[in-house]
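**Student:** Sequence plus the predicted model coming up.
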Amino acid sequence: MSDNDFDVQGFARNFNVLLVLSTLRERAKHGYQIALDIESESNGLFRFRHGTLYPILHRLESEGLIEGDWTREGDGRRKKEYRLTAKGRRHLSGETDRVEAIVMRFLHVIRGAGGAPA
Amino acid sequence: MRAPREPRASSALRSLSDRLAVPLPAKTRLLEEIASDLRSLSRRFVSDGLTPEEARRRAADALLPDDETLAWLDRIHASGYRRVTERWSAERLRLAERILLVCCFVALVLVEARAILAADVTRYASPFLWIVVAAGAAVATAVAWNGFTLWVKGEHARPRRAMRSLLALSAAPVGVALAGTWFDVFRLAALLQQRPALADVMVVRALIQDAAMLSIAILFALVGAVGWLVFTQWMAVQEHAHRRALNMDVYPDKEV
């Protein structure tokens, strides 16, 4: 990323993607479990509302970052479970480093060149 | 007579299905996914101590897409054809599709004509053969168009009517070939009445020309019938899965 092409809105949108990918790091989960884990792990700071989780999951699936598998419950109903792919794992790792660098620079700017807040 | 049983469809899923414009297989999978998540999340909220009503409300608030999210889902699941043509006006798209349809028909007529000329069945051809060829091209075009509409455009809004038209059209080549054979027999009879000495040659020629014409007609009818069978079976499977997804009892009262 060059210093001139930073997109603030894109950066904010990417947050949800990273939250979803990071919650799938350990094991495969159903959609509701992903939403629930993100909410509980962030102490309620990040909450998915109005089904916004599904477009994110489906877009990540179409991009090959996650993979959806249908499983059958005891009563014959089907449930979809998502897991992180190798591509998704690489993406998450790269994006985490990028976000960390951006946040560090942001903090550096808002705290002033001296670094310490007043 | 017993009234048809009212399906136990969740009104939320039905409303979602009506508002969602994505192709049928993707729509069904999405409904199934949301229904199972709603059910699981409601159960989870109840086990966390919420009342069933509050659990349903919170699960619906989290998982049921609003109009903006539906539009987002619609864009994600749009067919490649729709993505390519989304900037075109409706008139321009209709014109382009009609031109494509005509080009497909003309190309098929040319391919068939070339195949028939190469097979040397035109030496004693019935004049009806070329009408059979045109009707056959129309059948093949209709099969290609229905496949394109279902699987490339991803449109399943009016499949039943299109399928009935395809089946009726498939009978056209056979109908034309039978009428042609009937006409050729009478023409041959009139000729032989005047010149009985030609009977040996002319009867064989007539048999060859009409057998060839009928064979070609039956081949096209089979193409149309197989196309109709594949499309209707595929639609039946998709519609059955969609109905099953809609009839899922998302919030069974006894459990949540």
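**Tutor:** Done, it's in.
**Student:** Every contact and neighbour count from this point should use C-alpha atoms.
**Tutor:** Will do.
**Student:** ranges for the strands of chain A?
**Tutor:** With strands called from DSSP state E, chain A shows them at A:29-30, A:66-72, A:78-84.
**Student:** Any idea which of the ones you listed gets closest to B:A140?
**Tutor:** With Cα to Cα as the criterion, B:A140 lies closest to strand A:66-72 of the strands of chain A, at 37.0 Å.
**Student:** Go through the closest one and flag the buried ones.
**Tutor:** By neighbour count on 16 or more other Cα atoms under 10 Å in any protein chain shown, the buried set for strand A:66-72 is A:I66, A:E67, A:G68.
**Student:** now for that strand, which elements pack on it?
**Tutor:** Using 3 or more Cα pairs under 8 Å, 6 or more residues apart in numbering or on different chains; DSSP states H and E, the elements in contact with strand A:66-72 are helix A:53-62, strand A:78-84.
**Student:** do that again at 10 Å, thanks
**Tutor:** strand A:29-30, helix A:53-62, strand A:78-84, helix A:86-111 (3 or more Cα pairs under 10 Å, 6 or more residues apart in numbering or on different chains; DSSP states H and E).
**Student:** For my notes, please list the ones you listed in a markdown table and give distance to chain B and mean pLDDT for each entry.
**Tutor:** A markdown table is the format used below for the helices and strands packed on strand A:66-72 (distance: least, Cα to the nearest Cα, whole Å; pLDDT from 0 to 100):
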| stretch | distance to chain B | mean pLDDT |
| --- | --- | --- |
| strand A:29-30 | 7 | 90 |
| helix A:53-62 | 5 | 93 |
| strand A:78-84 | 6 | 91 |
| helix A:86-111 | 18 | 90 |
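**Student:** need the ones you listed in a markdown table with mean neighbour count, can you?
**Tutor:** As requested, the helices and strands packed on strand A:66-72 are exported to a markdown table (neighbours: other Cα atoms under 10 Å in any protein chain shown):
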| stretch | mean neighbour count |
| --- | --- |
| strand A:29-30 | 21 |
| helix A:53-62 | 19 |
| strand A:78-84 | 21 |
| helix A:86-111 | 14 |
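**Student:** which residues does A:E63 contact?
**Tutor:** A:L57, A:K87, A:G88 (Cα atoms under 10 Å, 6 or more residues apart in numbering or on different chains).
**Student:** and residue 44, what is it in contact with?
**Tutor:** The chain I'm using is chain A. A:L36, A:D37, A:I38.
**Student:** other chain: chain B
**Tutor:** Neighbouring residues of B:R44 by Cα under 10 Å, 6+ apart: A:Y32, A:Q33, A:L36, B:L38, B:L50, B:A55, B:A59, B:V256.
**Student:** Looking at these, which is nearest B:L198?
**Tutor:** The shortest approach to B:L198 among these belongs to B:L38, at 82.0 Å (Cα to Cα).
**Student:** How far off centre is the helix or strand hosting the closest one?
**Tutor:** Assigned by DSSP states H and E, B:L38 belongs to helix B:24-47. Counting by Cα atoms, centre = their mean, to the nearest Å, helix B:24-47 is centred 30 Å from the centre of its parent chain.
**Student:** Report the next helix or strand after it in sequence order.
**Tutor:** According to DSSP H and E, the helix or strand after helix B:24-47 is helix B:52-63.
**Student:** Just want the angle from the helix or strand following that following helix to helix B:24-47.
**Tutor:** Downstream of helix B:52-63, the first helix or strand assigned by DSSP H and E is helix B:67-77. If you take axes from the mean of the first three to the mean of the last three Cα atoms, to 10 degrees, helix B:67-77 sits at 130 degrees to helix B:24-47.
**Student:** That concludes my questions; thank you for your assistance.
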